[in-house]
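*Asks:* Just the structure for this:
(chains A and B)
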Amino acid sequence: MKLSERDGLPVVWGETASPSPVALTLRPWAALWEFLYKTWVIAELEARKLRHDPTELFTRAVQPALWLLIFGQVFARVRAIPTGDLSYLDFMAPGILAQSVLFIAIFYGISVIWERDLGVLHKIMASPAPRAALVSGKALSAGIRGLTQAIIIYALAALLGVDLNWQPQALLGVTVAVILGAANFSLFSLIIACLVKTRERFMGIGQVLTMPLFFASNAIYPIAIMPAWLQVVARVNPLTYIVDALRALMLSGGAPAFSLGVDFAVMSVTTLVLVIIAARLYPRVIV
Amino acid sequence: MILQTQNLTRRYGNLVAVDHLNLNLHEGEVFGLLGPNGAGKSTSLKMLTTLLPPSEGSAVVAGFDIRHQAAQVRRVIGYVPQLISADGALSGYENLLIAAKLYNIPRAERERRITEALEFMGLHEVAHRLVREYSGGMIRRLEIAQAILHRPRVLFLDEPTVGLDPVARHLVWDYIRQIRQNLGTTILLTTHLMDEADLLCDRVGIMHLGRLVACDTPQALKVTIGKPDATLDEVFIHFTGNQLQNATGGYRETVRTRRVARRLG
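*Replies:* You can find the predicted model right below:
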């Protein structure tokens, strides 16, 4: 079998062999399209890997299940935490969804260290995909992982009698919040990976970050009962806004403490900023 | 000249990995960068493939400057790193599909190119098996197939036969020759195997401690040292002062080479 140039006419080559530098400074729309398409391709790559081996998704679901079944059930009896009109289990279910999104995303950065050590990253970095698309593709695929967790937690919550809101727009809102939340933490994680560069250091930092992020948020208790200094921390913690949005959208009787506009604005802006930072740092992981 | 470097230099702290490298490649040639581990071959390739910014100097690949037109350079090159770059968690077909999409090969063209590449590399029967079940030789062939899917003008192969058994190695050499013949691709490969350079390359450059110490056709180099029937080993030792055994790269380099060898073998 011979490799051909399709009847002597170089197809892709013709486009790439002698492009003038000017023609390649993409028009804004073309650049945006290129960014979105490559983001999608990277997410597709990750999704295909998950399809071949989905074990991780199930093992990851064990921890949130334990939180709901054990911690949730016990604290629902104690009635120690003021949760307004909501039952404690209702109050906590969105928090646990946010937690599992956090946990699945915050260690995602290690994949880039793995890929660097394997060589896969070198190949992808030498391809024409924009750096920003490489990192947002990763973020989107963390979002896909987050959604699989959402399905499992919805099922568990429904079994436990949590008063879920099944309206399509609410489900859509939850989907967007989960994707943005996972994107947030996976990008944060990628940035750390690009800075520390080794698996050992990364795991250490990952462990150190997870618990403070989780406990300094409104995931399992309202901000109002925190000491003043912790309230300040909770307000700059992106997890708080994810939980707030999820609590408003996921439950029939849920209402946001801030407002959905604020929640989604915070999530979108942090995602955007983190994409920009991560794209700048990404090439560093190779060096 | 399809590739030109001008005083291309890369430093890591005090270490000068590549020291004022000046290279000129003719269109359509197979050029071998020769040298022991740690001579600066991989670092040179990383700079030329825009993965690593040079500390000093510059290079032009297929008409584009690696510093200021990195995105354009990436469109016209193919790169097979020394480490294993095929994704073990995907099938061979999927690896090629993702590569085709990353390089914007039009949808109508995609399937045909992938089928062609799989058949060319003798991988069509295992196309839908996971790459982690492939043998070392199959992985290398898949990686090369990936790197030429978009018909690059310059193909960079970093130690393409490291860790392969002699049969697989000869097969890879055959493919490299055919790629050049069928597609006219300029190929820059690195190796520390003298017979590989002798058999495959039109010209070789000998690198030692980051510097290019000699550059010519294998035959001419042999004549230069006054022994026309010398082996390239002898040529190498002549130019590097018999340090072949000493300069075998640092700890990190050794770990990497062994890891690749283990995974391929």
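
*Asks:* Tell me which stretches of the stretch 151-265 of chain B form helices.
*Replies:* For the stretch 151-265 of chain B, the helices defined by DSSP state H, counting those that start in this stretch cover B:166-183, B:194-200, B:218-224, B:232-240, B:251-264.

*Asks:* Can you point out the buried residues in the second one?
*Replies:* Residues of helix B:194-200 classed as buried under the neighbour-count rule (16 or more other C-beta atoms under 10 Å in any protein chain shown) are B:194, B:196-198, B:200. No exception for glycine: its C-beta is placed from N, CA and C like everyone else's.

*Asks:* Can I get it in PDB, CA atoms only?
*Replies:* The C-alpha coordinates for helix B:194-200 follow below in PDB (Å, rounded to 0.1, in the frame of the first residue of the first chain):
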ATOM      1  CA  MET B 194      25.700   4.100  14.000                       C
ATOM      2  CA  ASP B 195      24.400   1.500  11.600                       C
ATOM      3  CA  GLU B 196      21.000   3.200  11.600                       C
ATOM      4  CA  ALA B 197      22.600   6.400  10.500                       C
ATOM      5  CA  ASP B 198      24.800   4.700   8.000                       C
ATOM      6  CA  LEU B 199      21.900   2.800   6.300                       C
ATOM      7  CA  LEU B 200      19.200   5.400   6.500                       C
END
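
*Asks:* and the closest residue to B:H208 other than its chain neighbours, how many neighbours?
*Replies:* Nearest residue to B:H208 in three dimensions, chain neighbours excluded: B:T240, at 4.3 Å (C-beta to C-beta, 6 or more residues apart in numbering or on different chains). Neighbour count for B:T240, taken as other C-beta atoms under 10 Å in any protein chain shown: 22.

*Asks:* Pretty sure B:T240 sits against B:V213.
*Replies:* Yes: judged on C-beta atoms under 8 Å, B:T240 makes contact with B:V213 at a distance of 6.5 Å.

*Asks:* Mutual contacts of those two, please.
*Replies:* By C-beta atoms under 8 Å, 6 or more residues apart in numbering or on different chains, B:T240 and B:V213 have these common neighbours: B:I206.

*Asks:* List the contacts of B:L157.
*Replies:* Residues near B:L157 by C-beta under 8 Å, 6+ apart: B:80, B:144, B:147, B:176, B:187-190.

*Asks:* ok, now B:S42?
*Replies:* Counting by C-beta under 8 Å, 6+ apart, B:S42 touches B:82, B:158-159, B:190.

*Asks:* from the residues you listed, which ones fall inside strands?
*Replies:* If you go by DSSP state E, these have B:158, B:190 in strands.

*Asks:* what about the stretch 151-265 of chain B, any weak spots by pLDDT?
*Replies:* B:242-254, B:256-257, B:260-265 (pLDDT under 70).

*Asks:* In it, which residue sits closest to chain A?
*Replies:* B:R151 (4.2 Å; C-beta to the nearest C-beta).

*Asks:* Buried residues, stretch B:97-111. List them.
*Replies:* Buried residues in stretch B:97-111, counted by 16+ other C-beta under 10 Å: B:97-105, B:110.

*Asks:* what residues does the stretch 101-250 of chain B put near chain A?
*Replies:* Proximity of the stretch 101-250 of chain B to chain A, by C-beta under 8 Å from any C-beta of the partner chain, involves residues B:101-106, B:109, B:116-117, B:119-120, B:130, B:143, B:146-148, B:150-151, B:153, B:178-179, B:182-183.

*Asks:* switch to 7 Å and redo it
*Replies:* Residues of the stretch 101-250 of chain B lying near chain A by C-beta under 7 Å from any C-beta of the partner chain: B:101-103, B:105, B:109, B:116, B:119-120, B:130, B:150-151, B:153, B:182-183.

*Asks:* since we're on B:N182, how many residues are nearby?
*Replies:* Other residues near B:N182 number 14, with proximity taken as other C-beta under 10 Å.

*Asks:* For B:I148, see how far away it is.
*Replies:* Look at B:N182 and B:I148: by C-beta to C-beta, to the nearest Å, they are 10 Å apart.

*Asks:* Equivalent analysis for A:Q63, please.
*Replies:* 45 Å.

*Asks:* now A:L249
*Replies:* Counting by C-beta to C-beta, the separation of A:L249 from B:I148 is 49 Å.

*Asks:* re earlier: ok, of the residues of the stretch 101-250 of chain B next to chain A, which one's closest to A:V236?
*Replies:* Checking these against A:V236 with C-beta to C-beta, the nearest one is B:L102 at 36.9 Å.

*Asks:* Okay, helices next: where are they in the stretch 1-150 of chain A?
*Replies:* Here the stretch 1-150 of chain A has its helices, by DSSP H, counting those that start in this stretch, at A:12-16, A:21-24, A:28-52, A:55-66, A:73-78, A:88-106, A:110-118, A:120-125, A:131-159.

*Asks:* wait, what's in contact with the residue of the stretch 151-287 of chain A found nearest chain B?
*Replies:* Closest residue of the stretch 151-287 of chain A to chain B, C-beta to the nearest C-beta: A:I286 (5.3 Å). When contacts are counted by C-beta atoms under 7 Å, 6 or more residues apart in numbering or on different chains, A:I286 touches A:116, A:121-122, A:125, B:51-52.

*Asks:* Residues in a beta bridge with the residue nearest in space to the middle of chain B, which ones?
*Replies:* For chain B, the residue sitting closest to the mean C-alpha position, by C-alpha atoms, centre = their mean, is B:L157 at 1.6 Å. Beta-bridge partners of B:L157, counted by DSSP bridges, are B:V80, B:L189.

*Asks:* that older thread, what about the residue of the stretch 151-265 of chain B closest to chain A, how many neighbours?
*Replies:* Using other C-beta under 10 Å, B:R151 has 26 neighbouring residues.

*Asks:* do A:N165 as well
*Replies:* Applying other C-beta under 10 Å, we find 16 other residues in the vicinity of A:N165.

*Asks:* Confirm for me that it is in contact with A:A255.
*Replies:* No: using C-beta atoms under 7 Å, A:N165 is not in contact with A:A255, being 11.4 Å away.

*Asks:* what's the spacing between the one residue in chain B that gets nearest to chain A and A:D263?
*Replies:* Chain A sits closest to B:L83 of chain B, with a gap of 2.7 Å, by C-beta to the nearest C-beta. B:L83 sits 42 Å away from A:D263, going by C-beta to C-beta.

*Asks:* now B:R140
*Replies:* Using C-beta to C-beta, one gets 50 Å for the distance from B:R140 to A:D263.

*Asks:* same deal with A:E34?
*Replies:* 30 Å.

*Asks:* Of those two, which one has the most company?
*Replies:* Ranked by neighbour count (other C-beta under 10 Å), A:E34 and A:D263 place A:D263 first, with 26 against 16.

*Asks:* Verify the stated contact: that one with A:L239.
*Replies:* No: taking contacts as C-beta under 7 Å, A:D263 lies outside contact range of A:L239: 11.3 Å.

*Asks:* Report the set of residues contacting both of the two.
*Replies:* Residues touching both A:D263 and A:L239 by C-beta under 7 Å, 6+ apart: none at all.

*Asks:* rewinding a little: between A:Q63 and B:I148, point out the one with more neighbours.
*Replies:* Neighbour totals were compared for A:Q63 and B:I148, and B:I148 leads with 23 against 15 (other C-beta under 10 Å).
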